[in-house]
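Novice: sharing a model prediction with you, sequence too.
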Amino acid sequence: MCSDRYCVLKWCHKASTAFEIARTASRIALTFLPAILIGRNRSRRIVQHAHIHGIPISEEKRARHMKKLKITTRLLQILAVIPLFLFWATITASLERTPLTGRWRTILLSPDEEDEIAAQLAGQGWYDAIRDILALDGEPRFIPPSDWRYKWVQETLLQLTQIIPVLADERKKAPDWVNQGPDDPPRPPPAKYPLRPRPRAAEYIHWFCSKICDDKPALPPRAIAPSSFSLLLVEDPNASNAFSYGFGPDGGSGIVVYSGFLEDIFSKLPIEYYTPPDDRSWLSKFFGLSSPPPPKPNPTPEQTSELAILLAHELAHLVLCHHLETLSSATIVVPGVLSMFADVLRVMVFPFTMIFGPFVNDAVAQLGKIGSGELTKMGEYCTTANQEIEADVVSARILAHAGFDARDAIRFWESRTQDDIECHRVEAVKPPNSMQTVARSIMGSTHPVNEKRIAGLRNELDRWEAERRAAVAHSRS
């Protein structure tokens, strides 16, 4: 069994705890900063005043003040370096590559915290959480699983989720992406960063402890993504959208679809019906003991394709753990960084607030809280916009592997309105406000997000074709 001196390493995997340590260290450093600056300035003034006015000063006194200047300078450097080092070490240790796209991101949640979130959402927990979210706009009405619309959405979602294992090893499981005809739907080249289980520092630390203690360590196998996803259909003809929510296995991740989106599909493409086989006995038919089976709705491939495009987009959010990333950014990273900057600002204005009393200092602190709240909202919007573009790119890959034409996704999103595109996620169910407008300008674009998303999809499909042609040329050479 590993001794305590080795197991003390286990705190390292708590990235959120390490971030709090960095914040505490910065506050401790800032506490001593005014006293050090005052003492340093006093010694510097004494030496400069004696030099300018020719006031005689003993070498011993001059050496004492010069030594004090060197010591305070070194202390200032240490006080500045330690918090910055802890902060960037925590950020660096929490960096990871987003699967399939390779984007660098930071998730400051420990494995224990992630497991706790997954446990709360597992099973019935996801449905309870969704009910609480939807109840904010009134009591929701759910479409039962026996409804043909629910079965249609469920079958389409299952068709998409069955290809998730392919994303882990596209070179072996989808090797025929090069051999395509001019009219065939495009197929994606193998991703440079395949779908892998998210890194879990705790498992590697336990492995390291066992290795030191001469045990035979083995990393436990983990699934690359949940094997099943929860699903809810909400009866609301005025809502033509869907959203994804959750994290973790055992139904902790899922998708909510509004009936208004299904009605929009059927308004563009009239629904077709088919008559199921009449399985009644000849007696029932002759004496009319039972009615013949009624016609049943039979969605067309075009209608199923539109449904699959939206489901694939939401599924991409879940596969990429976007909700976990948003939670980390909104509750830890952004508030923590803004808190550090607010502490620095309070120290800089401390001489003025000290003169005017503690109430001014409290007002500055309250102003920092209000500003940090608005900046947090702006940061969430920027993060969400980037995640939407990323989910579009990954959803095209999911659609192609599932047998759909990824080019249809461009036409689908072009036909959607701005509100439908930007506000279909649970984190963004409200219309864009002025802070989101500011966020757009900071992102360096005055174009609506839907234009960037469509452009991202076009670029991704163009990249597929370019890589396919390069692979064909390489094979012929």
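Specialist: Received, thanks. Numbering: from 1, shown residues only.
Novice: so the residue lying closest to residue 395 once chain neighbours are set aside is in which element?
Specialist: The shortest distance from residue 395 to any non-neighbouring residue, by CB to CB, 6 or more residues apart in numbering, is to residue 312 (3.9 Å). Placement of C-beta: from N, CA and C, glycine included. Taking DSSP states H and E as the criterion, residue 312 maps to helix 301-319.
Novice: residues touching the nearest residue to residue 176 once chain neighbours are set aside, list them.
Specialist: Nearest residue to residue 176, sequence neighbours excluded (CB to CB, 6+ apart): residue 187, at 7.3 Å. If a contact means CB atoms under 8 Å, 6 or more residues apart in numbering, then residue 187 has 174, 176, 177, 180, 400, 401, 464, 468 as its contacts.
Novice: grab the nearest non-local neighbour of the third one.
Specialist: What it means is residue 177. residue 187 (4.2 Å).
Novice: name the SS class of that neighbour, please.
Specialist: coil (DSSP: H, G, I helix; E, B strand; the rest coil).
Novice: pLDDT score assigned to it?
Specialist: Residue 187 carries a pLDDT score of 95 in this model.
Novice: with residue 334 instead?
Specialist: Reported pLDDT for residue 334: 63.
Novice: check the one 10 residues further on too.
Specialist: Residue 344 is assigned 67 on the pLDDT scale.
Novice: and what of residue 264?
Specialist: On pLDDT, residue 264 comes in at 94.
Novice: residue 144 too?
Specialist: 96.
Novice: what's near enough to touch it?
Specialist: Going by CB under 8 Å, 6+ apart, residue 144 touches residue 150.
Novice: export the contacts of residue 187 to JSON lines and append columns for neighbour count.
Specialist: Converted to JSON lines, these look like this (neighbours: other CB atoms under 10 Å):
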{"residue": "174", "neighbour count": "18"}
{"residue": "176", "neighbour count": "7"}
{"residue": "177", "neighbour count": "19"}
{"residue": "180", "neighbour count": "15"}
{"residue": "400", "neighbour count": "23"}
{"residue": "401", "neighbour count": "22"}
{"residue": "464", "neighbour count": "20"}
{"residue": "468", "neighbour count": "18"}
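Novice: from the residues you listed, which ones fall inside strands?
Specialist: If you go by DSSP state E, the contacts of residue 187 have nothing in strands.
Novice: among the residues you listed, which two are most distant?
Specialist: Pairwise distances across the contacts of residue 187 (CB to CB) peak at 15.1 Å, for the pair 401 and 468.
Novice: could you pull up the mean pLDDT of the helix holding residue 312?
Specialist: 96.
Novice: show me which positions of stretch 461-477 end up buried.
Specialist: 461, 464, 468 (16 or more other CB atoms under 10 Å).
Novice: I meant stretch 104-112, not that one.
Specialist: When burial is assessed from 16+ other CB under 10 Å, stretch 104-112 yields the following buried residues: 105, 106, 107, 108, 109, 110, 111.
Novice: what does stretch 261-276 give?
Specialist: 261, 262, 264, 265.
Novice: can you list contacts of it?
Specialist: Stretch 261-276 has contacts (CB under 8 Å, 6+ apart) with 149, 153, 237, 239-242, 293, 295-300, 302-303, 306-307, 310.
Novice: any of those buried? List them.
Specialist: Buried by 16+ other CB under 10 Å: 149, 153, 239, 240, 241, 242, 299, 303, 306, 307, 310, out of the contacts of stretch 261-276.
Novice: so which of those residues is the closest to residue 450?
Specialist: residue 241 (13.2 Å).
Novice: from what I see, the closest one and residue 258 are in contact.
Specialist: Yes: counting by CB atoms under 8 Å, residue 241 does reach residue 258; the two are 5.9 Å apart.
Novice: so what's the residue count around residue 121?
Specialist: A count of neighbours around residue 121, defined by other CB atoms under 10 Å, yields 26.
Novice: could you do residue 67 as well?
Specialist: Residue 67, neighbours per other CB under 10 Å, totals 11.
Novice: again with residue 72
Specialist: Neighbours of residue 72 (other CB under 10 Å): 20.
Novice: next one: residue 277
Specialist: Close neighbours of residue 277, defined as other CB under 10 Å, add up to 6.
Novice: separation between it and residue 135?
Specialist: To residue 135, residue 277 is 43 Å away according to CB to CB, to the nearest Å.
Novice: which stretches of this protein have low pLDDT?
Specialist: Residues of the chain that meet the criterion pLDDT under 70 lie in 1-19, 46-57, 62, 199-225, 227, 282, 285-289, 331-383, 417-449.
Novice: that concludes my questions; thank you for your assistance.
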